[in-house]
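*Asks:* Structure for the following, please:
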Amino acid sequence: MNKLILSTALLALTAGGAFAADTIRMGTEGAYPPYNFIDDNGEVAGFERELGDELCTRAELTCTWVTNDWDSIIPNLVSGNYDTIMAGMSITAERREVIEFTQDYYPPTASIYLAPEAGIDLTGAVVAAQTGTIQAGHVATTGATLLEFATGDETIAAVKNGEADAVFADQDFLLPYTEDGSLVVVGDPVPLGEGIGMGLRKSDAELKAKFDTAITAMKEDGTLNTLLKKYFGDETSIY
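*Replies:* Got it, this is the predicted structure:
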């Protein structure tokens, strides 16, 4: 028992010491374009990579990037495998019970359904969504049959191979899949979440303050809006 208590205490101490470390490890999924993805050189790229690097520069922090599967991304933050989450993660009350968030760096935006053809009855459909997302939680309340997958790409594949009738995810992730005409938007957009923010351990208040200050500065000087338009288009929500 005493060994278990000591081990738990040491883990908490280690996890709480991120700000004192020489390098801040930025955790992301690397599989949710244009928010984050792995480029042809095997490097993390996308909106959150560019934004995160700029935030680290403004906060005078040395940062490196770490990838982690979405379904374990919060547990591995809490256990100390990295120090932040920048992975298109919506701020929700449920997640706030486990981790802390910075202020949002992307305003609340809509989620949408895609299907092979218009006119599908979504309430009676089989709908694919990525596990552990607010979109999966929403589908579960609609009366539709929820089919969960580990990655966004798998949700798209499930619709294209007939395993699911529709897919539900962030509008910015799904819209590129309509360009070849194989999938179309069905139903109305659904606003979910409180915007997208950076996740941190609750013990890292000083690190959170550093990043909040940097996000505020980018909002005030317009550079965050410039990045949002670069990756999500001129019609995207801005500050």
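
*Asks:* Contacts only, for the most centrally placed residue in the chain.
*Replies:* With distances taken as Cα atoms, centre = their mean, Gly88 lies nearest the centre of the chain, 2.1 Å away. Gly88 sits next to 29, 32, 35-36, 48, 170, 173, 196 when contact means Cβ atoms under 8 Å, 6 or more residues apart in numbering. Heads up, the C-betas are built off the backbone N, CA and C, glycines and all.

*Asks:* And for it, nearest residue in space, chain neighbours not counted?
*Replies:* Ranked by Cβ to Cβ, 6 or more residues apart in numbering and with sequence neighbours excluded, the top spatial neighbour of Gly88 is Tyr35, at 3.8 Å.

*Asks:* list the contacts for that neighbour?
*Replies:* 46-48, 87-88, 172-173, 196, 231.

*Asks:* other SSEs contacting the helix or strand hosting Tyr113?
*Replies:* Element membership of Tyr113, judged by DSSP states H and E, is strand 110-115. Here strand 110-115 touches helix 134-139, helix 152-160, strand 166-170, helix 171-174, strand 184-191, going by 3 or more Cβ pairs under 8 Å, 6 or more residues apart in numbering; DSSP states H and E.

*Asks:* would JSON lines of the ones you listed with mean neighbour count be doable?
*Replies:* Converted to JSON lines, the helices and strands packed on strand 110-115 look like this (neighbours: other Cβ atoms under 10 Å):
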{"stretch": "helix 134-139", "mean neighbour count": "22"}
{"stretch": "helix 152-160", "mean neighbour count": "20"}
{"stretch": "strand 166-170", "mean neighbour count": "27"}
{"stretch": "helix 171-174", "mean neighbour count": "20"}
{"stretch": "strand 184-191", "mean neighbour count": "14"}
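
*Asks:* Adding distance to Val78 and mean pLDDT, write the ones you listed out as TSV.
*Replies:* Supplementary listing: those in TSV, determined by distance: least, Cβ to Cβ, whole Å; pLDDT from 0 to 100:
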stretch	distance to Val78	mean pLDDT
helix 134-139	19	96
helix 152-160	23	97
strand 166-170	24	97
helix 171-174	25	94
strand 184-191	28	95
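
*Asks:* can you tell which of these is closest to Thr92?
*Replies:* helix 134-139 (6.0 Å; Cβ to Cβ).

*Asks:* what's in contact with that closest one?
*Replies:* 90, 92, 111, 127, 129-130, 146, 148, 168-170, 190, 192-193.

*Asks:* now the angle between helix 152-160 and the very next helix or strand once past that helix, please.
*Replies:* Sequence-wise, the next helix or strand downstream of helix 134-139 (DSSP H and E) is strand 145-149. Between strand 145-149 and helix 152-160, the angle comes out at 140 degrees (axes from the mean of the first three to the mean of the last three Cα atoms, to 10 degrees).

*Asks:* strand partners of strand 145-149, parallel vs antiparallel please.
*Replies:* strand 126-130 (parallel) (DSSP bridges).

*Asks:* List the contacts of the strand it pairs with.
*Replies:* Taking Cβ under 8 Å, 6+ apart as the rule, strand 126-130 contacts 70, 113, 135-136, 139, 142, 144-152, 154-156, 158-159, 163-169.

*Asks:* From the chain's centre, how far out is the longest helix seen in the chain? Work that out for me.
*Replies:* As assigned by DSSP state H, the longest helix anywhere in the chain is helix 205-221. Here the centre of helix 205-221 is set off from its chain's centre by 18 Å, with Cα atoms, centre = their mean, to the nearest Å.
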